[in-house]
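Engineer: here is the input, now give the coordinates:
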Amino acid sequence: MGLNEAMPVQLEKGCQGLTENRRSLGLYLHVPFCSRPCDYCAFYQVQSDRQGILDYIEGVSREIEILNCDQGIDTCFWGGGTPSLLPAGDLEKLCRLIVDGFGRPRLEWTVEMAPSSVKADKLQILKDCGVNRVSLGIQSLDEGMLDSLGRPHSPKQVLSAYDLIKSFEFDSVNIDLMFAIPGQTPEQLSEDLRNAVALEPDHISTYCLTFEEDTALYVKLSQGKVSIDQELEEQLYRLIWEKLGEAGYEQYEISNYAKPGKQCLHNLNTWRMNEWMGVGPSAASQYKGVRSSNPSDLDKWRDNIDKGLRGTEDRVFLSDDLLLEDSVIFGLRMNEGVDCQLLAQRFDSSKIGQFQERLDTLVADGLGDRSGQHYTLSDKGRLVADAVGAELVGIL
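Structural biologist: Residues are numbered from 1 along each chain as shown. All right, here's what the predicted structure looks like:
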């Protein structure tokens with residue numbers, strides 16, 4: 001199948017599947033504004049005045065015009081930065097730009113929020129405009145751990161924000177947790193998980209703290225003020241598997257757990273190597289045969305948009321070989337794994353055989369499991385998923 005031929009949508013909605021003879025399409029909107037940077041965060045973010053926010057909204061409007069998308073979107077995800085930092089009126093403007101440009105997302109519309117900026121008027125706007133999923137970045141419910149991360153909220157603010165979000169009855173609510181925070185013990189993580197599960201969210205994302213360059217935590221690492229303990233990270237990761245599994249959350253990707261039917265459809269669309277458009281500074285796209293990103297600079301992004309340009313950085317023209325490679329790598333990160341028979345319906349079956357040789361080696365090494373033409377990572381393999389992915393790069 002060629003790059004520009006339609007692939008069927010195969011995303012889960014509740015307990016029912018959706019299959020249509022069209023390509024699945026997502027939209028990612030990057031809202032770069034933050035009140036201040038967190039110690040661990042390397043995502044593009046800026047502090048801005050009122051005029052800067054208005055210029056950003058105008059830039060989003062112009063970028064949507066440049067895209068001139070001729071089909072509706074299935075999923076939409078707003079990340080940042082802190083989208084919920086914007087006033088309710090600005091959130092409404094952005095929502096209307098999305099709906100006017102693409103229609104309401106057919107399946108899922110997610111907005112990330114920070115506990116300190118959750119307000120009733122913002123939630124009402126989002127709900128009225130069609131947002132049906134909220135992702136609350138709590139990171140931890142332990143005050144000491146929040147201080148270690150430089151997060152500008154308290155456990156009390158988390159609980160208050162979560163209760164307010166739940167009162168608006170969105171279809172799904174996700175919370176983000178971090179682990180392997182400097183100084184964190186298994187007992188502290190167990191308590192964090194217990195408190196998180198008690199909130200009864202529909203979805204829990206768990207991220208191992210990484211030390212990204214140009215962050216405050218990376219500086220502390222380079223100064224020897226904090227350290228990385230890989231054995232402890234593995235212990236904490238296994239603890240998450242155990243506790244969330246016992247609480248009824250199914251792991252469906254290395255870092256993500258959900259109640260039945262509550263997986264993040266936007267992320268599934270991305271991991272399955274379908275298409276998505278990225279709008280805003282630093283936003284990445286995989287659209288119409290090209291993978292690219294916008295500049296991580298608000299002014300440069302606006303300058304490009306004013307010239308009718310977008311996706312000007314890291315441009316890669318997508319070949320079937322590259323999409324096949326990424327389908328295998330990201331497929332293994334999901335618990336559903338890689339079905340070589342399904343891949344053969346989309347890609348050159350002779351090339352899939354080259355991956356199977358490497359996948360069979362993973363199985364022999366205890367890092368994977370095989371059932372017919374279907375491969376998944378074993379528990380041991382999921383602990384080293386990044387290394388497994390690196391071994392698969394460049395096979396073709």
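
Engineer: show the subsequent helix or strand relative to the least confident helix or strand in the chain by mean pLDDT.
Structural biologist: Across the helices and strands of the chain, mean confidence by mean pLDDT, DSSP states H and E is lowest for strand 16-20: a mean of 36. Note on strand 16-20: by DSSP states H and E, the next helix or strand toward the C-terminus is strand 25-31.

Engineer: what pairs with that following strand, parallel or antiparallel?
Structural biologist: Strand pairing for strand 25-31, using DSSP bridges, gives strand 75-80 (parallel), strand 275-279 (parallel).

Engineer: so for that strand, mean pLDDT?
Structural biologist: Here strand 25-31 scores 97 as its mean pLDDT.

Engineer: tell me how many other residues crowd D176.
Structural biologist: D176: 19 surrounding residues under other Cβ atoms under 10 Å. Every C-beta, even on glycine, is put in place using the N, C-alpha and C of the backbone.

Engineer: domains for the chain, by residue range?
Structural biologist: For the chain, automatic domain parsing gives the domain ranges 9-270, 320-396.

Engineer: can you put those in TSV and add distance to P295?
Structural biologist: As requested, the domains of the chain are exported to TSV (distance: least, Cβ to Cβ, whole Å):
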stretch	distance to P295
domain 9-270	9
domain 320-396	23
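
Engineer: any idea how far D369 is from D360?
Structural biologist: Applying Cβ to Cβ, to the nearest Å, the value for D360 to D369 is 11 Å.

Engineer: so who does the most centrally placed residue in the chain touch?
Structural biologist: Note on the chain: the residue nearest the mean C-alpha position is N267, at 5.6 Å, using Cα atoms, centre = their mean. Going by Cβ atoms under 8 Å, 6 or more residues apart in numbering, N267 touches F77, E253, N256.

Engineer: SS state for it?
Structural biologist: Look at N267: counting by DSSP: H, G, I helix; E, B strand; the rest coil, its state is helix.

Engineer: from D74, how far out is it?
Structural biologist: 12 Å.

Engineer: the helices in the stretch 1-150 of the chain, which residues?
Structural biologist: Assigned by DSSP state H, counting those that start in this stretch, the stretch 1-150 of the chain shows helices spanning 50-67, 88-102, 120-129, 143-149.

Engineer: for the stretch 101-250 of the chain, what are the low-confidence residue spans?
Structural biologist: 210-229 (pLDDT under 70).

Engineer: which phi and psi does the residue lying closest to G103 once chain neighbours are set aside have?
Structural biologist: Computed as Cβ to Cβ, 6 or more residues apart in numbering, the closest residue to G103 that is not its neighbour in sequence is G72, at 4.4 Å. With angles defined as degrees, to the nearest 10, G72 sits at phi -70, psi 170.

Engineer: ok, G72 - how many residues close by?
Structural biologist: Using other Cβ under 10 Å, G72 has 13 other residues around it.

Engineer: again with the one 4 residues further on
Structural biologist: C76 has 29 neighbouring residues, counting by other Cβ under 10 Å.

Engineer: same check on S61?
Structural biologist: If you count neighbours by other Cβ under 10 Å, S61 ends up with 17.

Engineer: touching, it and R96? I think so.
Structural biologist: No - between S61 and R96 there is no contact under Cβ atoms under 8 Å: 9.6 Å.

Engineer: now do the contacts for the residue nearest to G103.
Structural biologist: Counted by Cβ under 8 Å, 6+ apart, G72 has contacts L25, F102, G103, P105, R106.

Engineer: switch these over to JSON lines; also include distance to K288 and neighbour count.
Structural biologist: JSON lines is the format used below for the contacts of G72 (distance: Cβ to Cβ, whole Å; neighbours: other Cβ atoms under 10 Å):
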{"residue": "L25", "distance to K288": "10", "neighbour count": "22"}
{"residue": "F102", "distance to K288": "15", "neighbour count": "19"}
{"residue": "G103", "distance to K288": "19", "neighbour count": "13"}
{"residue": "P105", "distance to K288": "19", "neighbour count": "25"}
{"residue": "R106", "distance to K288": "19", "neighbour count": "20"}
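
Engineer: from these, which is closest to A284?
Structural biologist: L25 (14.6 Å; Cβ to Cβ).

Engineer: tell me who's in contact with that closest one.
Structural biologist: Shown in contact with L25 (Cβ under 8 Å, 6+ apart): C69, Q71, G72, I73, D74, N269, N274, E275, W276, M277.

Engineer: could you pull up phi and psi at the second one?
Structural biologist: What it means is Q71. phi -140, psi 160.

Engineer: so what's the closest residue to it other than its chain neighbours bridging to?
Structural biologist: Among residues not flanking Q71 along the chain, L25 sits closest, at 6.2 Å (Cβ to Cβ, 6+ apart). Counting by DSSP bridges, L25 forms beta bridges with E275.

Engineer: ok, L25 to E246 distance?
Structural biologist: Distance of L25 to E246, computed by Cβ to Cβ: 37 Å.

Engineer: how far away is G72 from W78?
Structural biologist: Taking Cβ to Cβ, one finds G72 at 17 Å from W78.

Engineer: who wins for neighbours among the contacts of N267?
Structural biologist: Neighbour counts for the contacts of N267 (other Cβ under 10 Å) peak at F77, which has 25 neighbours.

Engineer: that residue and L29 touch, don't they?
Structural biologist: Yes - counting by Cβ under 8 Å, F77 sits close enough to L29 to count as a contact (7.3 Å).

Engineer: give me the distance between the two termini of stretch 141-156.
Structural biologist: This stretch, stretch 141-156, spans 8 Å end to end (Cα to Cα, to the nearest Å).

Engineer: for it, buried residues please.
Structural biologist: For stretch 141-156, burial by neighbour count (16 or more other Cβ atoms under 10 Å) applies to L141, D142, M145, L146, S148, L149, G150, R151, P152, H153, P155.

Engineer: chain center to that stretch: distance?
Structural biologist: Computed by Cα atoms, centre = their mean, to the nearest Å, the separation of stretch 141-156 from the middle of its chain amounts to 22 Å.
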